Structures are given as C-alpha cells and as structure tokens.
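Trainee: sequence first, predicted coordinates after that:
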Amino acid sequence: MVRAFADVQEVARAEGARLGPTDWLTIDQDRIDLFADATSDHQWIHVDHEKAAAGPFEATIAHGYLSLSLLAHFSPQLLKVTKPPKMAINYGLNKVRFLQPVTSGSRVRDVAELSAVTENEKGLLLTVSHTVEIEGQERPALVAESLGLWVP
C-alpha cells in the first residue's frame with residue numbers, strides 16, 4: 001500500500017512510519033536467468049534446474065543481489081510525494097543480511113520503515129529499513145537499510 005505525502009517536509013515529519021506492504025512479485029526462472037546473464041553469475045544453484053533440484057534447496061534460487069536489487073522495484077510502491085524533491089539519489093546501504101534463499105516461483109514483497117530523516121547541506125538523507133518477505137515463509141529473504149538523498 002503506497003503511503004502518500006504532500007511534500008518533502010511531510011516525509012521528514014513521518015520518521016518512524018511504517019511503509020507498505022507492497023504488492024507480491026513472483027520471482028520466476030526467467031528473471032533469475034536474466035540476472036545471471038546481466039551479472040555473469042551462472043552458478044548452478046541459480047540456473048541448473050536438474051542439479052539444483054538435487055541440491056540443498058531442491059530448486060534453483062534467486063541471487064541474493066537480485067533480491068536486493070528489487071528494492072528499486074518496490075520503492076515506488078512504498079511512498080509517493082505529490083511535490084517531490086528535484087532529485088533523489090541512491091546513497092547506498094548501511095547493512096544488508098540475506099536470511100533465506102528465494103526459490104524460483106516464490107513470491108516476495110517489501111515492508112519498510114522510515115527509520116531516520118536527517119538534514120544535511122545537500123538535502124534530506126532518508127534511512128529506510130526494508131524487510132523483503134517470502135510468501136508462506138516465517139523468515140524473510142533479506143533485511144536491508146537503504147539510504148536515499150533527496151535534494152530539494
């Protein structure tokens with residue numbers, strides 16, 4: 001569910017707010033294969049169906065970095081600003097933990113919290129704590145703390 005804000009100042013006042021959950025997204029083998037091609041990471045656990053079926057997860061799994069990269073897909077579903085900043089920059093990550101593999105065919109979604117909003121000379125630095133959940137699983141795929149710099 002998208003959380004709507006009027007402007008950057010309203011976002012700043014929402015520190016601590018829960019964001020999401022987003023819609024579910026199916027992680028199919030085509031997406032995994034395309035990521036393998038884009039990154040040249042063709043390890044068998046990701047792309048060899050037969051070998052992976054006999055492996056520890058009994059199926060191919062998404063790359064951890066593929067799961068992490070989905071934060072870019074989920075972010076527009078978490079918040080929207082009617083009067084957005086002139087520019088928003090991916091400023092990096094504070095921490096990332098891959099807690100459980102995402103098997104091919106699984107559905108994932110993001111639930112987040114606007115952990116901190118701090119002002120600096122360039123603009124607002126937003127810290128968002130993400131939890132990417134796997135449908136039907138107790139443990140999430142990953143937790144990550146992302147940083148975004150919003151330039152007014």
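Mentor: Looks like it arrived, so ask away. This structure is a prediction, so every number in the text was calculated from the model and none was measured.

Trainee: C-alpha from now on. contacts and neighbour counts both.
Mentor: OK.

Trainee: what is the least confident helix or strand in this protein?
Mentor: Counting by mean pLDDT, DSSP states H and E, the chain has its least confident helix or strand at helix 8-13, which shows a mean of 92.

Trainee: for the biggest helix by length in the chain, buried residues please.
Mentor: When the chain is parsed with DSSP state H, its longest helix is helix 29-39. Going by neighbour count (16 or more other CA atoms under 10 Å), the buried part of helix 29-39 is 29, 32-33, 35-36.

Trainee: now tell me what touches it from outside.
Mentor: 41-42, 46-47, 60-63, 66, 104-105 (CA atoms under 8 Å, 6 or more residues apart in numbering).

Trainee: can you spell out which helices and strands pack onto whichever helix or strand residue 112 is part of?
Mentor: For residue 112, the host element (DSSP states H and E) is strand 107-120. The helices and strands touching strand 107-120, judged by 3 or more CA pairs under 8 Å, 6 or more residues apart in numbering; DSSP states H and E, are strand 18-19, strand 25-26, helix 71-78, strand 123-134.

Trainee: may I ask which of the contacts of helix 29-39 has the most neighbours?
Mentor: Counting neighbours by other CA atoms under 10 Å, residue 60 leads these with 28 neighbours.

Trainee: quick check: that one vs residue 37, distance?
Mentor: Separation of residue 60 from residue 37 (CA to CA, to the nearest Å) stands at 15 Å.

Trainee: what does residue 92 give?
Mentor: From residue 92 to residue 37 the distance is 24 Å (CA to CA).

Trainee: partner residues bridging residue 98?
Mentor: In this entry, residue 98 is beta-bridged to residue 142, by DSSP bridges.

Trainee: many thanks, we can stop here.
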